[in-house]
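> sharing a model that was predicted from the sequence below.
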Amino acid sequence: MRSIRILFVLVVLLQSCYQSKEADIVVHNALIYSVDENFSTYEAMAIKDGKILELGAERQILNKYKAEKKIDARKRSVYPGFYDAHSHFLGFAKNMAELNIFETKSIEEIKQQLLAFAEDNQREWLVGRGWDQNDWAVKDYPDKSILDSLFPDRPVFLNRVDGHAAWVNSAALERVGIDGEFEIFGGEVKLDENGEPTGILIDEAAEYMEDRIPPLSRSEQRKLLMEAQELCFQAGLTTVTDAGLPIADILFLDSLQKFGDLNIGIYAMFQPGESTLEFLKKGPILTDKLSARSVKLYADGALGSRGALLKEPYSDDTGNMGLLLLNDSIYSVYSKACLDYGFQLNTHCIGDSANSHVLKLYAESLEEMNDLRWRVEHAQVVSEEDREYFKNYGIIPSVQPVHATSDAPWAGKRLGNERLKNAYSYKSLMNQLGILALGTDFPVERISPIENFYAAVFRKNRFGEPVNGFLPSEALSRQEALRGLTIWAAIASFEENRKGSLEVGKQADFIILNRDIMKSSEEDLLKAEIIDTYVSGKRVTPN
């Protein structure tokens, strides 16, 4: 009789504990990669008010929490939402209204696409992006005469794939007043043997023209941003970085988030400008969706357009060492402002000379190891003797593995075999500080964290090239690559307490994949697809 009473009491106690806690969502029957400090995995998690309540075993969570919505992951893998540490979200949206000539293989192909685009486009200027002479049979820069023959009176502006050079026609040059006498710091107007512009503008010269093209209306931009956001969610991105925007654009994104149009997280970097310094005095903009607490400077151009600043001349252009875009006095002003007003400083550096120069400037400003998290964006070619600056001064390298595989066919020609050994050295850079923030730099590259992960681990592009991998000794492990796409990207943006891993109290940004990228074969990894994306516990992928 006594044993029956004990059994009865135990049943009552168990029933009183069963689903005693309230949750909005329970995710279960899953393999959840938390990407916490120990890289723990779980079977289920409970979410309430957009934040994670608990992670644990299947029955532990299902027995403890009552939830209106249960998500059966069907044994699939769950990861923190991908965080793109370097991209151009607004720029990508604007590009969607322009001619897309990415992956074109010839001038003739571009001509045909441009003619078709011109028929349907009502804007006065014909604007496009994506050409890359390295993909053509003849790898020389194109000439304005080709565009002049098609459009003698309508201005044409075609941005190179990297955004650091432009191909334009005579009408565009005349419209903004660029001729053979035009000069600008940090830029170049390519001239022919007669001293006339060829139609190729490098870096600041291209930006000078682009700034004078009539912009899209804010209503047009809003519509395009909504489309861009959907593509990001479909790719598993829950937070993106906008690497260099004017104040007005950052405030525009903030307004769209506050009105509920944009739900994607944004880490925004201010670009320098006349009003930026005054604005910085107000301090960072920090909301639930937007973090704008950094300034983006440019030290040099791109390797593909030979604007990256090198210590020695280009191997395939021996009279050229690239361009220095960063005036030391400008650096001094912005580094002081960042230190005074609590902003992070991030600088675009591609060539070994640009990286060396900026790392030394950073060291002078920072003086010692710190937690200010100043970043070097791209860090593409870093001499071995300069790498210790990252470790000694707490400088974070922010890199894009897909750039290495995109540049692989021609990078050796630009740099030569010896200098190439110091390029795209992601493992070596990660070993300095134990952290490496990974981004795609879209729209320069495709919006695909999966392809970025693959490039980081296997050093190959989405076609599996090169067969043996590009500089394979610098490959990251799968765990390192996943951290770079999640928690390390969040740390590089001061958001690790809210994002980047699936831990109690953090924002419930997560994705469900059809394959486990931590265990899939190399061949199967590229078949991985996003099943669903959730931001703050809300499903944001279409039905």
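Received the coordinates, thanks. Numbering: from 1, shown residues only.

> and the pLDDT at the closest residue to Lys75 other than its chain neighbours?
Excluding its sequence neighbours, the residue lying closest to Lys75 (C-beta to C-beta, 6 or more residues apart in numbering) is Asn29, at 6.1 Å. (Each C-beta comes from the backbone N, C-alpha and C, glycine too.) Asn29 is assigned 98 on the pLDDT scale.

> now do the contacts for Asn29.
43-44, 58, 72-75 (C-beta atoms under 8 Å, 6 or more residues apart in numbering).

> distance check, it against Ser77.
Distance check for Asn29 against Ser77: by C-beta to C-beta, to the nearest Å, it reads 12 Å.

> what does Arg175 give?
Distance, Arg175 to Ser77, by C-beta to C-beta: 53 Å.

> now do the residue nearest to Lys75 against Glu367, distance only.
Asn29 is 52 Å from Glu367, where distance means C-beta to C-beta.

> could I have the helix or strand hosting Gly128 exported to CSV, CA atoms only?
In this structure, Gly128 sits in strand 126-131 according to DSSP states H and E. The C-alpha trace of strand 126-131 is given here as CSV (Å, rounded to 0.1, in the frame of the first residue of the first chain):
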residue,chain,number,x,y,z
LEU,A,126,22.8,53.4,-69.0
VAL,A,127,24.4,51.9,-65.9
GLY,A,128,25.7,48.4,-65.4
ARG,A,129,28.2,46.3,-63.5
GLY,A,130,30.1,43.1,-63.7
TRP,A,131,32.6,43.1,-66.6
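
> I'd like the next helix or strand past that strand.
As assigned by DSSP H and E, the chain's next helix or strand after strand 126-131 is helix 144-150.

> quick check: angle from the helix or strand following that following helix to strand 126-131?
Later in the chain than helix 144-150, the nearest helix or strand by DSSP H and E is strand 156-160. Using axes from the mean of the first three to the mean of the last three C-alpha atoms, to 10 degrees, the direction of strand 156-160 lies 20 degrees away from that of strand 126-131.

> mind checking the pLDDT average for the helix or strand Ser428 falls within?
Take DSSP H and E as the rule and Ser428 turns out to sit in helix 426-433. On average, the pLDDT along helix 426-433 is 98.

> what residues does it touch?
Under the criterion C-beta under 8 Å, 6+ apart, residues 379, 382, 384, 387-388, 390-391, 394-397, 399, 401, 404, 436, 456, 473-476, 480, 484 lie in contact with helix 426-433.

> give the pairing partners of the following helix or strand past it; include direction for each.
Proceeding N to C from helix 426-433, the next assigned helix or strand is strand 437-438, under DSSP H and E. According to DSSP bridges, strand 437-438 has the following sheet partners: strand 396-399 (parallel).

> buried residues in the helix or strand that comes right after the strand it pairs with?
Using DSSP H and E, the helix or strand that follows strand 396-399 in sequence is helix 401-420. For helix 401-420, burial by neighbour count (16 or more other C-beta atoms under 10 Å) applies to 401-408, 410-412, 414-415, 419-420.

> send me stretch 456-469 as CSV with only the CA atoms.
Below are the C-alpha coordinates for stretch 456-469, written out as CSV (Å, rounded to 0.1, in the frame of the first residue of the first chain):
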residue,chain,number,x,y,z
ALA,A,456,37.4,28.6,-47.3
VAL,A,457,37.6,24.8,-46.6
PHE,A,458,38.5,23.4,-50.0
ARG,A,459,40.0,26.6,-51.7
LYS,A,460,37.9,25.9,-54.8
ASN,A,461,35.2,27.8,-56.6
ARG,A,462,31.6,26.5,-57.1
PHE,A,463,32.8,24.5,-60.2
GLY,A,464,35.4,22.6,-58.1
GLU,A,465,38.3,24.6,-59.6
PRO,A,466,41.2,24.5,-59.3
VAL,A,467,41.2,20.7,-58.9
ASN,A,468,43.9,20.6,-56.2
GLY,A,469,42.7,23.8,-54.5
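
> mind checking the pLDDT average for it?
On average, stretch 456-469 scores 97.

> comparing Arg175 and Ser77, which residue is more hemmed in?
A count of neighbours by other C-beta atoms under 10 Å puts Ser77 above the other of Arg175 and Ser77, at 22 against 17.

> hang on, isn't the more buried one packed against Val27?
No: because the distance of 11.7 Å does not satisfy C-beta atoms under 8 Å, Ser77 is recorded as not touching Val27.

> neighbours of Val240, just the number please.
As a burial measure, Val240 scores 29 neighbours (other C-beta under 10 Å).

> now do the contacts for it.
Shown in contact with Val240 (C-beta under 8 Å, 6+ apart): 83-84, 87, 89, 232, 264-267.

> ditto for Ala508
The contact partners of Ala508, by C-beta under 8 Å, 6+ apart, come to 25, 47, 50-52, 502, 534, 536-537.

> narrow those to those that are buried.
In these, burial by neighbour count holds for 25, 47, 50, 52, 502, 534, 536-537, counting by 16+ other C-beta under 10 Å.

> just send those back as TSV, with pLDDT, distance to Glu183 and secondary structure too.
Shown next, in TSV, are the buried ones among the contacts of Ala508 (pLDDT from 0 to 100; distance: C-beta to C-beta, whole Å; DSSP: H, G, I helix; E, B strand; the rest coil):
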residue	pLDDT	distance to Glu183	secondary structure
Ile25	98	59	strand
Ile47	98	58	strand
Gly50	98	53	coil
Ile52	98	56	strand
Leu502	98	53	coil
Tyr534	98	52	strand
Ser536	98	50	coil
Gly537	97	55	coil
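
> count of neighbours near Phe463?
Neighbours around Phe463, by other C-beta under 10 Å: 8.

> circling back: which of the contacts of Val240 fall in helices?
89, 232 (DSSP state H).

> with the contacts of Val240 in mind, which one is nearest to Val138?
Taking C-beta to C-beta as the measure, Val138 sits nearest to Ser87 out of those, at 31.6 Å.

> in this structure that closest one contacts Ala243, no?
Yes: if you go by C-beta under 8 Å, Ser87 and Ala243 touch, sitting 6.7 Å apart.

> list residues touching both of those two?
Asp441.

> which SS class is Glu54?
Here Glu54 takes the strand state, with states given by DSSP: H, G, I helix; E, B strand; the rest coil.
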